[in-house]
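Need the 3D shape of this:
(one chain, ligands or ions: 1)
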Amino acid sequence: MNILDIIRKKRNGEQLSPQEIAFFVQGYVDGSIPDYQISALLMAIFFRGMIPAEISVLTRQMIDSGRVISLPENPGPYVDKHSTGGVGDKVSLILAPIVAALGVHVPMMSGRALGHTGGTLDKLDSIPGYTTALSEADFVRVLGSCGFAMTGQSKDIVPADRLMYALRDVTATVESIPLITASILSKKFAEGADALVFDVKTGRGAFMATLEDAEQLAASLVRTAAELGKTAYAVLTDMSVPLGYAVGNFLEVEESVQCLQGNGPDDLMEVTHSLAACMLHAAGKADSLVQGRELSRQAVADGSALDCFYRNVELQGGDPNQLQKMLGSFRAPVSLPVTARSSGWVAGIDALEIGLAGIPLGVGRSKTTDQVRPDVGFMFDVTLGDRVDSGDRLCTVYAADQASAESAAARVLGAVELAPEQPAIRESLIVKEML
Ligand code: URA
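Now for the predicted structure:
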């Protein structure tokens, strides 16, 4: 077998056999096939696509390229959620303790911010002392003790994805449904979850901006997971406007605590309860999504989810008392209000633009080696449909210096659309549930 024939075959739109897929994945990981040939193959896959059987084999081969965590049989089942990424998306921080408080164990391996979307690990790293680099033994210990554990991915998990994702990033081959499916699923399978819930974002701030692409990705994730023997649900959610009011690492931790205290904004809580319902249903803890949502609301109302969150902070090295003292006060040195230049109704807040405006502040990063800051970001005062008068504050920008604050503030002002008439606003962020 040789790689040139495999590239040629895919270039001509033919299907690859399981042996050919195994050959190129293994060859890339062991270094016998160079970057330039895998780049050509990835581009051929980008244009020609893959049928479901090829995607399943690719996913399986990628999982087998590294180590798979084996979680103890008890206490199962283990259910995880994966979001395709958004702006202000702190759902994992709220969802994991809710679901864990209801008896479902959540082994969560998350990522860092890249591009305009935020990363769960960067948010958690803003809690002093909190470690997101757990050893496998500590991951299992924390998971067993408080019901959820949050960590980054170790180097020996799915090395094929680490190598291929880096290559896709520099060869314009990221936006391929077969490649995204195999990339996401291989990592989720390797972390040992029994069932998976996908939050597939759609809209301006999403990775898959059109509904059609988001639906195709969701269907591909659910189908491929099922073919490989895991229960998977997908929920398509709107990401045209940042979720909640806070965008920024510690600011989002703070908003997550408010959510767990029962004071969360409606949009963020709707997405959280919907995903929690799917996880509870997948774990057999709720007979219906309606019941799952109700249980989720109760875990917030009775304080059990908040207790679970603080237990996790302590188990992962943070100090809950110190965290509580930082709430409302841990902010970057410069704060700059952004005020409305005219009166009207908030008809849009461009999530993509807000995500991009956060990168130079240090909310996110444009390349993997960039450092993020814990204390910068945006705290909005308004949301869709709100009435504002000229001079009202729309948002506060927190920045390390005046120049970066001013440049971000100008972008925020441009991202907030004020309409002269009261706009018809979305009734729900849940676009579709795929069970
Ligand atoms: N996230 C991933 O983990 N992989 C992709 O290919 C795209 C987004």
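
Can you tell me how far whichever residue of the chain sits closest to the ligand is from residue 87?
For the chain, the residue closest to the ligand is residue 183, as judged by CB to the nearest ligand atom, at 3.4 Å. C-beta coordinates here come from the backbone N, C-alpha and C atoms, glycine included. Distance, residue 183 to residue 87, using CB to CB, to the nearest Å: 21 Å.

These two - which one has more neighbours?
residue 87 (31 against 22; other CB atoms under 10 Å).

Thought residue 242 was touching the more buried one, still the case?
Yes: between residue 87 and residue 242 there is a contact under CB atoms under 8 Å: 4.4 Å.

what is in contact with these two at once?
The contact sets of residue 87 and residue 242 overlap at 205, 351, 354, 355 (CB atoms under 8 Å, 6 or more residues apart in numbering).

which SS class is the last one?
Secondary structure assignment for residue 355 (DSSP: H, G, I helix; E, B strand; the rest coil): helix.

Model confidence for the closest residue to it other than its chain neighbours, exactly?
The spatially closest residue to residue 355, leaving aside those adjacent along the chain, is residue 116, at 2.9 Å (CB to CB, 6 or more residues apart in numbering). Confidence at residue 116, expressed as pLDDT, is 87.

these two touch, right, residue 116 and residue 365?
No: using CB under 8 Å, residue 116 is not in contact with residue 365, being 10.5 Å away.

quick one, which of these two is more surrounded?
Using other CB under 10 Å as the criterion, residue 116 and residue 365 rank with residue 116 on top: 24 against 17.

roughly how far out does the helix or strand harbouring the residue of the chain closest to the ligand sit from the chain middle?
Using DSSP states H and E, residue 183 maps to helix 177-190. Distance of helix 177-190 from its chain centroid, counting by CA atoms, centre = their mean, to the nearest Å, is 14 Å.

so what does that helix touch, helix or strand wise?
Judged by 3 or more CB pairs under 8 Å, 6 or more residues apart in numbering; DSSP states H and E, the packing partners of helix 177-190 are helix 35-48, helix 52-63, strand 79-83, helix 159-169, strand 195-202, helix 211-227.

let's see 10 Å
Under the contact criterion of 3 or more CB pairs under 10 Å, 6 or more residues apart in numbering; DSSP states H and E, helix 177-190 touches helix 18-29, helix 35-48, helix 52-63, strand 79-83, strand 106-109, helix 159-169, strand 195-202, helix 211-227.

And the ones you listed: which comes nearest residue 146?
strand 106-109 (9.9 Å; CB to CB).

ok, and for the closest one, which residues are buried?
Buried residues in strand 106-109, defined by neighbour count with 16 or more other CB atoms under 10 Å: 106, 107, 108, 109.

Would you format the helices and strands packed on helix 177-190 as a markdown table with mean pLDDT and distance to residue 289 included?
Output for these, formatted as a markdown table (pLDDT from 0 to 100; distance: least, CB to CB, whole Å):
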| stretch | mean pLDDT | distance to residue 289 |
| --- | --- | --- |
| helix 18-29 | 98 | 36 |
| helix 35-48 | 98 | 35 |
| helix 52-63 | 98 | 26 |
| strand 79-83 | 96 | 14 |
| strand 106-109 | 94 | 18 |
| helix 159-169 | 91 | 31 |
| strand 195-202 | 97 | 11 |
| helix 211-227 | 96 | 15 |
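
got JSON lines for those, with distance to residue 124 too?
JSON lines is the format used below for the helices and strands packed on helix 177-190 (distance: least, CB to CB, whole Å):
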{"stretch": "helix 18-29", "distance to residue 124": "29"}
{"stretch": "helix 35-48", "distance to residue 124": "32"}
{"stretch": "helix 52-63", "distance to residue 124": "25"}
{"stretch": "strand 79-83", "distance to residue 124": "15"}
{"stretch": "strand 106-109", "distance to residue 124": "10"}
{"stretch": "helix 159-169", "distance to residue 124": "21"}
{"stretch": "strand 195-202", "distance to residue 124": "18"}
{"stretch": "helix 211-227", "distance to residue 124": "24"}
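
Take these and lay them out in a markdown table including distance to the ligand.
Formatted as a markdown table, the helices and strands packed on helix 177-190 follow (distance: least, CB to the nearest ligand atom, whole Å):
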| stretch | distance to the ligand |
| --- | --- |
| helix 18-29 | 15 |
| helix 35-48 | 11 |
| helix 52-63 | 11 |
| strand 79-83 | 8 |
| strand 106-109 | 10 |
| helix 159-169 | 6 |
| strand 195-202 | 11 |
| helix 211-227 | 9 |
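
Between the two ends of stretch 227-234, how far is it?
End-to-end distance for stretch 227-234: 15 Å, by CA to CA, to the nearest Å.

Please work out how many residues are found near the closest residue to residue 155 other than its chain neighbours.
The shortest distance from residue 155 to any non-neighbouring residue, by CB to CB, 6+ apart, is to residue 162 (7.3 Å). When neighbours are counted by other CB under 10 Å, residue 162 registers 18.

May I ask you to confirm that residue 162 is in contact with residue 152?
No: if you go by CB atoms under 10 Å, residue 162 and residue 152 don't touch, sitting 11.7 Å apart.

ok, now which ones touch residue 300?
Residue 300 is in contact with 94, 97-98, 101, 259-264, 269, 272-273, 276, 306, counting by CB atoms under 10 Å, 6 or more residues apart in numbering.

Restricted to buried residues, select those in ChimeraX.
Buried subset of the contacts of residue 300, written as a ChimeraX selection, criterion 16+ other CB under 10 Å:
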select :94,97,98,101,259,260,264,269,272,273,276,306
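
Narrow the contacts of residue 300 to those in helices?
94, 97, 98, 101, 259, 260, 269, 272, 273, 276, 306 (DSSP state H).

still on that earlier bit, who's in contact with the residue nearest to residue 355?
Residue 116 makes contacts with 85-87, 204-207, 351-359, 363-364, 366, as judged by CB under 10 Å, 6+ apart.

So, low pLDDT: which residues of the protein?
Within the chain, no stretch has pLDDT under 70.

Where do the domain boundaries of it fall?
3-49, 79-324, 334-419 (automatic domain parsing).

Can you tell me which of those domains is packed in deepest?
Neighbour counts (mean count of other CB atoms under 10 Å) averaged over each of the domains of the chain peak at domain 79-324, with a mean of 22.
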